[in-house]
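1. need a 3D model of the sequence below.
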Amino acid sequence: MTTIDYTLVKSLRVQAGDAMSERSRRAEEDGEPLSTADLRVAAREVIANLVQEHNQRLYLAGEPLPSNEEDEAVVNAVHAAMYGVGRLQPWLENPDVENIDINGCDRVFVGWANGKREQVDPIADSDAELVEDVRTLAAFSGLSSRPLDDLNCELDLKLPDGSRLSAIISVSNRPAISIRRARLSRVTLADLEANGTLTPQLARFLGAAVRARKNIMIAGATNAGKTTLLRAMANEIPFDERLVTVERALELGLHDFEDLHPDVVALEERLPNSEGVGRVSMADLVRRSLRMNPSRVIVGEVLGDEIVSMLNAMSQGNDGSLSTIHANSSLDVFEKISTYAVQAAERLSAEASQRLIAGAIEFVVFIKRVRDPLTNDMQRRVISVREVNGNDGGVLSSEIFEFRSGQVQEGAVISDRRLEELMEHGYDPNGAFAGWTA
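-> Modelled structure (predicted):
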């Protein structure tokens, strides 16, 4: 990677910012305001000119001149500082980077798609500069500005490229930031079949389940691939349906693809202001979504009391709902949901929550990272699908796809009624089955 003089980048950023402000002001006065895209294009030209002026001064002073590659790196760094995410930009543009963990400005770790990790160069000159960079992002990302200060020490937001950023300050010894890359934003079940996440039979099954309007919970550990799988399954929803998505920070991005989903309302949780007012919770948004004439409600990630509102939505006619949850297995999902329900404002008993689960959720899909024995790389795989069969003091379920003998194989027989519905929507249970080995 080309070494960049970030002292120079800071200086050129100020000069370019002043020049662009003046250009924007003149365009406004002329009645031809520049669009965001026009500003970005014009800024690159301005930055390139400033770099050439800097090189001219080096030449006159008898200093060695940078190479074309070094000049281009500086132009990109200044442009990223103005319109992107600064020194993080090259990592976010690398298709093989999956996660970025920052424990202070100079303790930066990159996780690659193959499961390997390495420490990389600092992304700011100080922790204060790092926090200020994140605050700038928070001011312009999402549907509303999100504070990051001593009173609001936690922050979640979606970056311009679709990646998810989570930051915390004040309660940690140094600013801590984690970024999870959106490597696959426009993704289909066929894509996941091609990269080995799904077997062909699982891909057919999940596509039919979505089209048949089954309520499905996607489960897995952190970074297992739940959100990517949810996107792929959502892209099986017919073009003419009205979708309402509910998220803590906009991440799914279904509203970004009008050719796939032209009628999408994306709702984002709003945090309280510095006076502690103005909060709109996930549970509030799920309840509100039911008044917006949705064909389906999609909850990006269940982490708390919104679970009761979501289960009520699923069991009251909003069939075809999708959501994700953290769990250690497909069976663990029911206990996790009950734990959330007990903590919710409704204070449901374990027995009541189990009845609600049995009446709302039809399938649980579990995805996990496993090690490929041939390459030794970590790969994402759907290893379990569980059908909810009813309630008898607890949720009754059967594992219809399960991991055994190193493969995902057919397990328990799916109920006749649901099998008929899936077959009506394109599922062929007798299709050729090819599992992957792990």
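
2. quick one: low-confidence ranges for the stretch 1-150 of the chain?
-> 1-2, 36, 84, 139-146 (pLDDT under 70).

3. for it, what spans make up the strands?
-> Applying DSSP state E, counting those that start in this stretch to the stretch 1-150 of the chain gives strands spanning 97-103, 108-112, 117-120.

4. ok, residues contacting the second one?
-> By CB atoms under 8 Å, 6 or more residues apart in numbering, the surrounding residues in contact with strand 108-112 are 91, 96-103, 117-123. For every residue, glycine as well, the C-beta is placed using N, CA and C.

5. and the gap between N94 and G111?
-> Distance of N94 to G111, computed by CB to CB, to the nearest Å: 12 Å.

6. out of those two, which sits in the more crowded spot?
-> Set N94 next to G111 and count neighbours by other CB atoms under 10 Å: G111 wins out with 20 against 14.

7. okay, and the beta partners of the more buried one?
-> Taking DSSP bridges as the rule, G111 bridges to N99, R117.

8. gap between it and M378?
-> 10 Å.

9. swap in R186?
-> From R186 to M378 the distance is 23 Å (CB to CB).

10. so these two - more neighbours on which side?
-> More neighbours surround M378 than the other of R186 and M378, with 18 against 15 (other CB under 10 Å).

11. give me phi/psi at the more buried one?
-> phi -80, psi 130 (degrees, to the nearest 10).

12. from now on call the first residue 12
-> Got it, the first residue is 12 from now on, which makes the last one we talked about M389.

13. returning to what we had before: so which of the contacts of strand 119-123 comes closest to L213?
-> Nearest to L213, judged by CB to CB, of the contacts of strand 119-123 is E109 at 22.5 Å.

14. might you report the residue contacts of that closest one?
-> Taking CB under 8 Å, 6+ apart, we find E109 in contact with 122-124, 191-192, 194, 234.

15. whichever of those end up buried, select them in ChimeraX.
-> Burial among the contacts of E109 is assessed by 16 or more other CB atoms under 10 Å; the matching ChimeraX selection reads:
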select :122,124,191,192,194
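
16. what subset of the contacts of strand 119-123 is buried?
-> 102, 108-114, 131, 133-134.

17. just flag the most distant two among the residues you listed.
-> Using CB to CB, the buried ones among the contacts of strand 119-123 reach their maximum pairwise distance at E109 and P133, which is 20.4 Å.

18. I'd like to know how far A27 sits from H65.
-> With CB to CB as the criterion, A27 and H65 are 12 Å apart.

19. could you check which of the two has the larger neighbour count?
-> Ranked by neighbour count (other CB under 10 Å), A27 and H65 place A27 first, with 24 against 18.

20. which one of the contacts of E109 is nearest N226?
-> Checking the contacts of E109 against N226 by CB to CB gives N234 as the nearest, at 24.8 Å.

21. list the contacts for the closest one?
-> Neighbour list for N234: 109-110, 191, 380 [criterion: CB under 8 Å, 6+ apart].

22. is it possible to get a markdown table of those residues that adds distance to P440?
-> Rendered in a markdown table, the data for those read as follows (distance: CB to CB, whole Å):
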| residue | distance to P440 |
| --- | --- |
| E109 | 35 |
| N110 | 37 |
| R191 | 35 |
| R380 | 28 |
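
23. how is the protein divided into domains?
-> Following automatic domain parsing, the chain resolves into domains at 12-94, 95-194, 200-435.

24. would TSV of the ones you listed with distance to N441 be doable?
-> Below are these laid out as TSV (distance: least, CB to CB, whole Å):
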stretch	distance to N441
domain 12-94	51
domain 95-194	34
domain 200-435	10
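
25. ok, the residue positioned nearest the centre of the chain to A277 distance?
-> Central residue of the chain (CA atoms, centre = their mean): E262, 4.1 Å from the mean position. For E262, the distance to A277 equals 10 Å [CB to CB].

26. give me the number of residues near the closest residue to E373 other than its chain neighbours?
-> Of all residues not flanking E373 in the chain, K225 sits nearest, at 4.5 Å (CB to CB, 6 or more residues apart in numbering). Look at K225: counted by other CB under 10 Å, it has 22 neighbours.

27. same thing with E280?
-> What E280 shows, counting by other CB under 10 Å, is a neighbour count of 22.

28. OK, contacts around it?
-> By CB under 8 Å, 6+ apart, E280 lies in contact with 257-260, 291-293, 296.

29. so what pLDDT did it get?
-> E280 carries a pLDDT value of 87.

30. need the buried ones among the contacts of strand 119-123 in a markdown table (columns: distance to E410).
-> Below are the buried ones among the contacts of strand 119-123 laid out as a markdown table (distance: CB to CB, whole Å):
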| residue | distance to E410 |
| --- | --- |
| W102 | 39 |
| V108 | 35 |
| E109 | 29 |
| N110 | 30 |
| I111 | 35 |
| D112 | 34 |
| I113 | 39 |
| N114 | 39 |
| V131 | 41 |
| P133 | 47 |
| I134 | 44 |
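
31. and which of those residues is nearest to S181?
-> Closest approach to S181 among the buried ones among the contacts of strand 119-123 (CB to CB): N114, at 14.8 Å.
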